[in-house]
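A.B. asks: Let's see this in three dimensions:
(chains A and B)
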Amino acid sequence: MAKRIDLSSSFYNQLNNRIIAVVSPTASGKTALAVELSKILNIEVISADSRQIYKYLNIGTAKPSKEELKQAKHHFIDIVTPDEYYSAGLFGNQAEKKISKILSKSYLPVVLGGTGLYIKALFDGLFLEKHQSIEKRSNLRNELQQKLNQSGIEYLYNELLKFDPISAQKYSDLNPRRIIRALEYYYLTGKPISLSHKTEVLVPKYQPIYYGIQNDRADLYNKINQRVELMWERGLVDEVKDILDMGYSENLNSLNTVGYKETIMFIKGLISEKRAIELIKQHTRNYAKRQMTWFRKLNVNWISGNINEIAENIAFVFINVVAKS
RNA sequence: GGUGCUGUAGCCAAGUGGUUAGGCAGCGGUCUGCAAAACCGUGAACGCCGGUUCGAAUCCGGCCAGCACCU
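C.D. replies: This next block holds a predicted model:
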């Protein structure tokens, strides 16, 4: 059993806005790690997970259990209903404020997550976009989506080329999402988004020291497969049925989530149970791989071993880094 | 034993005498407010043996395997 460490106020003075950030792919053991860390240090977790923010999506997002949440306090879990708007930008702002609050209580915030863009929003900062009316924007987005369906991506791309050739150059892979986003921004503000990226810069306050749970690919894929089996046994189907029964549309962004979209297909009789499970496993593996692609760009201290060893290691290393500077 | 059908990359699958099918998976990558999203790049084939032909995955014969039916 690891010893509890009480951090002195001088430690907090030396912190200089550096904080622990744990990034690891899905199913790698982040929740267990948070629990272990909370046994050693007075921490509060900033969950950087774009799916666990949703109420009712519990089993399929592998949300921490009530007991786990009791052991390690988490923020940004269950903060919106499945039909509410949320975004990386909102997360970045709110998380930064929350971190300050936690520090002011002399607790150690630990950013923990799997959503690359949320981490980026918090630590790199997105540009300073003025808050648009959500309604106005979603109308425009729908219009652009319709245009896409009618006229094809070439048409939208040519539009973008007219107003914002720099972005067009950047999105020459013709990714509809990004092209629509760039056009949307231009129509709403009259400014090319590429220009705003350069001129409306937000300076993030906190500086992460990244840690990660080391897993080899085959092990991680095994864990994922097992966890999906477990989700199914624990009643993922009922969870999804309940959510739909509450009146939430299957077309919601929140339900366009691995585990949920496949389960919806199964419930509608489009695919078999076996196929649904197989697809969830596969898509989760695909997702984990994309997460790894994202994290590889970060300067992560990958640590292997048992979860409690990793927790001790992180605590030890972080305290040393802070003490030596 | 007989008859018929099928045999194309890890999987699904189109094709047919002479230029890359395609999809999925795998692997690598992109990412500035939908990001568990949305995209981009990438390898590997025609069951075996022989024949016809300038040229066969494609036509012919035999063999093998699987499936179906018959006896």
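
A.B. asks: Output the lowest mean pLDDT helix or strand found in chain A.
C.D. replies: Lowest by mean pLDDT, DSSP states H and E among the helices and strands of chain A is helix A:134-151, with a mean of 91.

A.B. asks: The residue in chain A that RNA strand B sits nearest to: which element?
C.D. replies: Here chain A gets closest to RNA strand B at one residue, residue A:89, 1.9 Å apart by Cβ to the nearest atom of the strand. For glycine as for every other residue, the C-beta is placed from the backbone atoms N, C-alpha and C. Assigned by DSSP states H and E, residue A:89 belongs to helix A:88-104.

A.B. asks: what is the rounded mean pLDDT of that helix?
C.D. replies: For helix A:88-104, mean pLDDT rounds to 97.

A.B. asks: okay, that helix in PDB with CA atoms only?
C.D. replies: Extracted in PDB, the C-alpha atoms of helix A:88-104 (Å, rounded to 0.1, in the frame of the first residue of the first chain):
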ATOM      1  CA  ALA A  88     -14.200  21.300 -27.200                       C
ATOM      2  CA  GLY A  89     -14.100  25.100 -26.800                       C
ATOM      3  CA  LEU A  90     -16.600  25.000 -24.000                       C
ATOM      4  CA  PHE A  91     -14.600  22.300 -22.400                       C
ATOM      5  CA  GLY A  92     -11.300  24.200 -22.700                       C
ATOM      6  CA  ASN A  93     -12.800  27.300 -21.000                       C
ATOM      7  CA  GLN A  94     -14.600  25.500 -18.300                       C
ATOM      8  CA  ALA A  95     -11.800  23.100 -17.500                       C
ATOM      9  CA  GLU A  96      -9.300  25.900 -17.100                       C
ATOM     10  CA  LYS A  97     -11.600  27.600 -14.600                       C
ATOM     11  CA  LYS A  98     -12.200  24.400 -12.800                       C
ATOM     12  CA  ILE A  99      -8.500  23.700 -12.500                       C
ATOM     13  CA  SER A 100      -7.900  27.100 -10.900                       C
ATOM     14  CA  LYS A 101     -10.700  26.400  -8.400                       C
ATOM     15  CA  ILE A 102      -9.200  23.100  -7.500                       C
ATOM     16  CA  LEU A 103      -5.800  24.500  -7.000                       C
ATOM     17  CA  SER A 104      -7.100  27.300  -4.800                       C
END
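
A.B. asks: Fine by me, thanks again.
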